[in-house]
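>>> sequence? don't have it. structure:
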């Protein structure tokens, strides 16, 4: 108990504040402004502290986290994961030993700078991953073409044909609006690759697909799309549109540096297709045609 107190007393004092929203002034909540400032300073590395999660976690779980996770961001991360996923103490210890925290999303973005609401900015940081596995894109099934011949349009069509799989990979509460979405302003036509709506963020999300390495020119193109959509498509009750560049490779430090000069909320992530997976892992996966036969047989039964 003494170790628990010594480890958390100072951190809790800095992370929490007494809210005067309720008349009895007894509600203890996280100070949204303080939390956002910590995120900006990289002290929490994008992790959001939630007092309800903290109080609902058992003491044994807390002690495992204290003994195995040494930094504040790690501890907050594992508290949230343990509560949300209902981990028992063995699973929690195994996840910490496996270094789950170090493998979490580290998406280059400018959300805290461009999204006025602190709560909305934190939600956006947690919503998007830094890498997506699009294992339903199989180059071998696309006419046995060389990988270098597969361009953005081919990948886009594969995503559209498998949009349910893409949304499941992308995250919760996404709705597909359209691909090559037509925009026109001052006689100029523009066509963003993919347009989604996220219910939790209450915002449209533009996804631009790029086959190669990240380039700074992609940010300018995406920023123009976001401005037009906010002016011409976004509803008055919706939050500003968010943009995501999905490319094959990116220097995260460089992308984080250059993206800060843009005034529209944007992030840069990478993706892998089935062909990019290690040979050993690909061989372990069932054959696609066999899977289809099994699914068809299950439907018939």
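Right, received. Where do you want to start? Here the structure is a predicted model, which means the values were calculated and not measured. Residues are numbered from 1 along each chain as shown.

>>> low-confidence ranges, the stretch 51-200 of the chain, go.
100, 102-105, 118, 135-152 (pLDDT under 70).

>>> could I get the full set of helices for it?
Applying DSSP state H, counting those that start in this stretch to the stretch 51-200 of the chain gives helices spanning 51-56, 59-68, 72-85, 89-97, 111-114, 118-127, 152-161, 163-170.

>>> how about those helices in a markdown table, adding mean neighbour count and distance to residue 252?
The C-beta positions use only the backbone N, C-alpha and C, and glycine is treated the same way. Output for these, formatted as a markdown table (neighbours: other Cβ atoms under 10 Å; distance: least, Cβ to Cβ, whole Å):
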| stretch | mean neighbour count | distance to residue 252 |
| --- | --- | --- |
| helix 51-56 | 14 | 28 |
| helix 59-68 | 16 | 26 |
| helix 72-85 | 20 | 17 |
| helix 89-97 | 15 | 24 |
| helix 111-114 | 18 | 15 |
| helix 118-127 | 20 | 14 |
| helix 152-161 | 17 | 21 |
| helix 163-170 | 16 | 19 |
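
>>> between those helices, which one is closest to residue 189.
Of all those, it is helix 152-161 that lies closest to residue 189, at 16.7 Å by Cβ to Cβ.

>>> helices and strands around the closest one, which ones?
When contacts are defined as 3 or more Cβ pairs under 8 Å, 6 or more residues apart in numbering; DSSP states H and E, helix 152-161 sits against strand 131-134, strand 174-179, strand 194-198, strand 203-209.

>>> before we move on, back to that, including distance to residue 208, could the helices of the stretch 51-200 of the chain go into JSON lines?
What follows is the helices of the stretch 51-200 of the chain, written out as JSON lines (distance: least, Cβ to Cβ, whole Å):
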{"stretch": "helix 51-56", "distance to residue 208": "34"}
{"stretch": "helix 59-68", "distance to residue 208": "38"}
{"stretch": "helix 72-85", "distance to residue 208": "29"}
{"stretch": "helix 89-97", "distance to residue 208": "33"}
{"stretch": "helix 111-114", "distance to residue 208": "17"}
{"stretch": "helix 118-127", "distance to residue 208": "17"}
{"stretch": "helix 152-161", "distance to residue 208": "9"}
{"stretch": "helix 163-170", "distance to residue 208": "14"}
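
>>> quick one, which of those helices gets closest to residue 246.
Nearest of those (Cβ to Cβ): helix 152-161, 8.9 Å.

>>> tilt between the closest one and helix 163-170?
100 degrees (axes from the mean of the first three to the mean of the last three Cα atoms, to 10 degrees).

>>> return the distance of helix 152-161 from the chain's centre.
Distance, stretch centre to chain centre, for helix 152-161: 21 Å (Cα atoms, centre = their mean, to the nearest Å).

>>> quick one: work out the angle between it and strand 194-198.
40 degrees.

>>> tell me what angle helix 152-161 forms with strand 174-179.
In terms of direction (the same axes, to 10 degrees), helix 152-161 departs from strand 174-179 by 130 degrees.
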